[in-house]
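K.L.:
Need the 3D shape of this:
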Amino acid sequence: WGRDYTSGQHNELVMYSLLAQALQRGKFGYARLIPNVFIPTHVTRTSSSPQNKLDAFTEIDMVLVTERKIYCIEAKYSGGSISIRQQKGSFKVTAIHDAREGKIQRKTLPVVEQNAFHCKSLYHYLETNDLLKDRNAGLNKETRAYDFPQNIIAFHEENPVHSNLCKGNNKVRFATDSYSCHYLPRVIAAREESGTLLSPEHVDRIADYLIEHNLDPTGALKEQLAHRIRSRKSLNKMLGDLRKAI
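P.N.:
Numbers count the residues shown, from 1 in each chain. All right, here's what the predicted structure looks like:
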C-alpha cells in the first residue's frame, strides 16, 4: 500500500490473515482466498449510482472460492461503533463515533449497496469469461443452488456496542467485532451448506484466473481508483457548496 498505509488497510490485512489461517485449518474444505481483486464494473440500465457508470473497474477486498460458494468480502474500519438495523427487508448501516466537544457523530454507510454492486460485477465477469461452468460436474450458471457471489461485510469497531455473530439475511451477512473481527470465519462457515457444488479443479480454475488477470502488483490500478474517489468527493463537495449558495 506504500506510504499512505491507513488503519483501514491494516484492518483489511488482519482480516485476510485471519481467513488465510482458517483455510489452512480446512475450515471451509478445499478453498482459495484472493485479496484485492480488480474487475471491470458491470453497468446496467437500472444502475442507480452515477459513479458506477464512471468507473471502468472496481476493487473487491477479498474473494473466497470454496467448493460450495463464492464470497465477495468487504472489510471496513468504522473508527467507532456500528449500528445495523433492518428496515423492510433492507439494512441501514450507521457508523457512530465521538466528535469534537463531546458530540456524537452518525454517518450512514452505503456499504451494502456497494458490495452488492461488487457481487453483480464479479458474477458478470465470471460468466463472461466462461468460469461458471464446471467441466467435471457439468454445472452452469442456471444452477440456482450456487446463490453466489455471497455478500459478506466485515467491520472492525473501535468502540463496539455489541458483537453480531451472524447478523443479516440471504442477501447480505455482517461480521462485527473489535480488533481483528475474529467472528468473520464463523460467519462464512454458517453460509457453507452440506454437499459440494464446485470441484477442486473448478475452484482452482476460478482462483487462478483471477490471480493471473485481476491483481494489481504495481499498485497502478489502486492509485487510479483512489484518484477517482478523491475527484468524486471534491466534485460532490463543490456541488454541495453550490447548492447552499443558491
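K.L.:
give me phi/psi at the residue most central in space within the chain?
P.N.:
The chain has residue 74 as the residue nearest its centroid, 2.4 Å off, counting by CA atoms, centre = their mean. Residue 74 has phi and psi values of phi -110, psi 120 when expressed as degrees, to the nearest 10.
K.L.:
Now it. Nearest residue, chain neighbours left out?
P.N.:
Closest residue in space to residue 74, ignoring its immediate chain neighbours: residue 115 at 4.3 Å, by CB to CB, 6 or more residues apart in numbering. The C-beta positions use only the backbone N, C-alpha and C, and glycine is treated the same way.
K.L.:
Identify the residues contacting that neighbour.
P.N.:
72, 74, 151-153, 172 (CB atoms under 8 Å, 6 or more residues apart in numbering).
K.L.:
any idea which helix or strand carries it?
P.N.:
helix 111-128 (DSSP states H and E).
K.L.:
Rounded mean pLDDT for that helix, please.
P.N.:
Mean per-residue pLDDT for helix 111-128: 91.
K.L.:
After that helix, which helix or strand is next?
P.N.:
strand 150-156.
K.L.:
can you give me the strands in this structure?
P.N.:
31-40, 57-66, 70-77, 81-87, 90-98, 104-109, 150-156, 164-168, 173-177 (DSSP state E).
K.L.:
How many residues are close by the nearest residue to residue 126 once chain neighbours are set aside?
P.N.:
Sequence neighbours aside, residue 132 is the residue nearest to residue 126 in space, at 5.4 Å (criterion: CB to CB, 6+ apart). With neighbours defined by other CB atoms under 10 Å, the count for residue 132 comes to 20.
K.L.:
Roughly how far does residue 132 sit from residue 170?
P.N.:
20 Å (CB to CB, to the nearest Å).
K.L.:
returning to that earlier point: tell me how far the residue nearest to residue 126 lies from residue 149.
P.N.:
In terms of CB to CB, residue 132 sits 11 Å off from residue 149.
K.L.:
swap in residue 69?
P.N.:
According to CB to CB, residue 69 and residue 149 sit 8 Å apart.
K.L.:
Those two: which has the busier surroundings?
P.N.:
residue 149 (24 against 21).
K.L.:
Enumerate every residue touching that one.
P.N.:
63, 69-72, 118-119, 122-123.
K.L.:
Kindly recompute the last result at 7 Å.
P.N.:
70-72, 119, 122-123 (CB atoms under 7 Å, 6 or more residues apart in numbering).
K.L.:
and what of residue 92?
P.N.:
Residue 92 sits in contact with 85, 108, where contact means CB under 7 Å, 6+ apart.
K.L.:
Try it again at 6 Å.
P.N.:
residue 85 (CB atoms under 6 Å, 6 or more residues apart in numbering).
K.L.:
and it, bridged to which residues?
P.N.:
Legend: beta-bridge partners of residue 92 under DSSP bridges are residue 85.
K.L.:
Quick check, pLDDT for it.
P.N.:
pLDDT at residue 92 comes out at 87.
K.L.:
Give me the distance between it and residue 110.
P.N.:
Going from residue 92 to residue 110 by CB to CB gives 10 Å.
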